[in-house]
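Engineer: how would this look folded up:
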Amino acid sequence: MAVECMLLKEKNKRLIFEDGTYYDGYAFGSNEEAVLEIVFNTSVVGYQEILSDPSYTDQGVVMTYPLIGNYGMADDDYETDIPTIGGLIVREYNDEPSNFRSKETLSTVMERYNVVGISGIDTRKLTRYIRNFGSRKALITSIETSVEEGVKKLNESELATDQVSRVSRKAICKYNIAGAKKNVVAIDCGMKLNIVRQLNAHGCNVTMVPYNTDIETIQKLHPDGIFISNGPGDPTDVKETIETVKALIGKYPIFGICLGHQIISLAYGAKTYKLKFGHRGGNHPVLNVKTGRVEITSQNHSYAVDTASLEGTGLSVTHMNLLDNTVEGVENRLDKVFGVQYHPESAPGPQDSDYLFDYFLDMMEG
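Structural biologist: Predicted coordinates for the structure are as follows:
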């Protein structure tokens, strides 16, 4: 029925790429125009967590699962208070959710936070386009914008590089629990709330600090361990956090996820590079090198650590991606520092790697 109703409407939104490739569809969410980096996510569920994950700041996410919006938006499932994702591109959008937990529709939330959406797109074809040519800049605009005008706008625009400074909280914030075993200082580069929930569930108070907090301020908080969060963009743009982590190494146990893993690697002298189209989905197989166990993981990143650059840094590889052999985890056991590229806190995705929070707790206990 939703598809039949959609076909009765006139298309009113257009997605344009720099090479002149374009797709016409239907608007939902905000009706603004936006220049975005287009990526794709293969998760079957979890569009609310994806929408509210700060790591997607300024990105337009193509959802490969064809039906989006059908279970609405629940108050407890947000990963940040204010979503900063650039946009959503979907095959079929459902504006009449069926879910007892739903409080409002996806489109309503997107409109409130100025997130653009376009539906009615052949997302299989679009995903193959991204897979073949890589993540790239695109414009979501009115269908009245000509392709030539859209290409001109894209050529005259540049993607931002200050995402972490925009999404990181500006003041210190505490998430304390009764009977906490340890105190963790989390450097917020765009931290998902489910990471806070997981650290709390494992008996840790969490004090979240801005990405550019200096080591003196962190030490005054008397942490038992340091957590480096996920976040958007190129890790080499977050120079302040890299320098802080360099100064913290050897003083406290340190755990990093996603961008945090990349920042740890850069702090040790390794290098990172941009993947062709990144890893985004809830079913990526990762080999735990230490145990030989394969974990099914949730992923969301554009950059990876260069394997060859780890030589001589003191970091050893702990996890490898079985799809493309990229580095998924590093560790320096002597310094009590480790990081993983994937998301063990899930949201959305499997929880095969929940043990990493226990490992961090063990490190803090001695």
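
Engineer: Which residue lies nearest the spatial centre of the chain?
Structural biologist: Ser55 (3.2 Å; Cα atoms, centre = their mean).

Engineer: Report the buried residues of the lengthiest strand in the chain.
Structural biologist: Ranked by number of residues, the top strand in the chain under DSSP state E is strand 272-288. Across strand 272-288, burial judged by 16 or more other Cβ atoms under 10 Å covers Thr272, Phe277, Gly278, His279, Arg280, Gly281, Gly282, His284, Val286, Leu287, Asn288. For every residue, glycine as well, the C-beta is placed using N, CA and C.

Engineer: and those as a markdown table, adding pLDDT and distance to Asn70?
Structural biologist: Putting the buried residues of strand 272-288 into a markdown table (pLDDT from 0 to 100; distance: Cβ to Cβ, whole Å) gives the following:
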| residue | pLDDT | distance to Asn70 |
| --- | --- | --- |
| Thr272 | 98 | 37 |
| Phe277 | 97 | 26 |
| Gly278 | 97 | 26 |
| His279 | 98 | 25 |
| Arg280 | 97 | 20 |
| Gly281 | 96 | 19 |
| Gly282 | 93 | 17 |
| His284 | 95 | 24 |
| Val286 | 97 | 30 |
| Leu287 | 97 | 35 |
| Asn288 | 96 | 35 |
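
Engineer: Which pair in those residues has the greatest spatial separation?
Structural biologist: Phe277 and Asn288 (24.9 Å; Cβ to Cβ).

Engineer: From the contact counts, what lies against the longest strand of the chain?
Structural biologist: For strand 272-288, the elements it packs on are strand 34-41, helix 259-267, strand 294-305, strand 316-321, strand 327-332, judged by 3 or more Cβ pairs under 8 Å, 6 or more residues apart in numbering; DSSP states H and E.

Engineer: Parallel or antiparallel, list what pairs with the third one.
Structural biologist: Okay, so that is strand 294-305. strand 272-288 (antiparallel) (DSSP bridges).

Engineer: ok so, going back, ok, the buried residues of strand 272-288 vs Cys258, which is closest?
Structural biologist: Nearest to Cys258, judged by Cβ to Cβ, of the buried residues of strand 272-288 is His279 at 10.0 Å.

Engineer: Could you find the closest non-adjacent residue to that closest one?
Structural biologist: Gln299 (4.0 Å; Cβ to Cβ, 6 or more residues apart in numbering).

Engineer: The one you found contacts Leu275, correct?
Structural biologist: No: proximity of Gln299 to Leu275 does not meet the contact threshold set by Cβ atoms under 8 Å, at 10.6 Å.

Engineer: doesn't Thr297 make contact with Ser43?
Structural biologist: No: counting by Cβ under 8 Å, Ser43 sits too far from Thr297 to count as a contact (11.8 Å).

Engineer: What residues does Tyr342 make contact with?
Structural biologist: Ile257, Cys258, His279, His284, Val286, Thr297, Ser298, Gln299, His319, Glu328, Ser353 (Cβ atoms under 8 Å, 6 or more residues apart in numbering).

Engineer: which stretch of helix or strand covers it?
Structural biologist: Following DSSP states H and E, there is no helix or strand that holds Tyr342.

Engineer: I'd like the distance between the closest residue to it other than its chain neighbours and Met320.
Structural biologist: Among residues not flanking Tyr342 along the chain, Thr297 sits closest, at 3.8 Å (Cβ to Cβ, 6+ apart). Thr297 is 12 Å from Met320, where distance means Cβ to Cβ, to the nearest Å.

Engineer: between these two, what contacts are shared?
Structural biologist: Common neighbours of Thr297 and Met320 are listed as Val286, Glu328 (criterion: Cβ under 8 Å, 6+ apart).

Engineer: which of the two has more neighbours?
Structural biologist: Thr297 (26 against 19; other Cβ atoms under 10 Å).

Engineer: thinking that one is in contact with His284, fair?
Structural biologist: Yes: the criterion here is Cβ under 8 Å, and Thr297 meets it with His284 at 5.0 Å.

Engineer: Name the residues that touch stretch 218-225?
Structural biologist: Against stretch 218-225 from outside (Cβ under 8 Å, 6+ apart): 172, 182-185, 187, 204, 207, 209, 226, 244, 248, 251-255, 360, 363-364.

Engineer: Relative to the whole chain's centre, how far out is it?
Structural biologist: Mean-position distance between stretch 218-225 and its chain equals 26 Å (Cα atoms, centre = their mean, to the nearest Å).

Engineer: mind listing what's buried in that stretch?
Structural biologist: Residues of stretch 218-225 classed as buried: Ile218, Pro223, Asp224, Gly225 (neighbour count, 16+ other Cβ under 10 Å).

Engineer: of all these, which two lie farthest apart?
Structural biologist: Pairwise distances across those (Cβ to Cβ) peak at 12.1 Å, for the pair Ile218 and Asp224.

Engineer: how far away is Ser98 from Thr207?
Structural biologist: To Thr207, Ser98 is 40 Å away according to Cβ to Cβ.

Engineer: more crowded one of those two?
Structural biologist: Neighbour comparison, Ser98 and Thr207: the larger count goes to Thr207, with 19 against 9 (by other Cβ under 10 Å).
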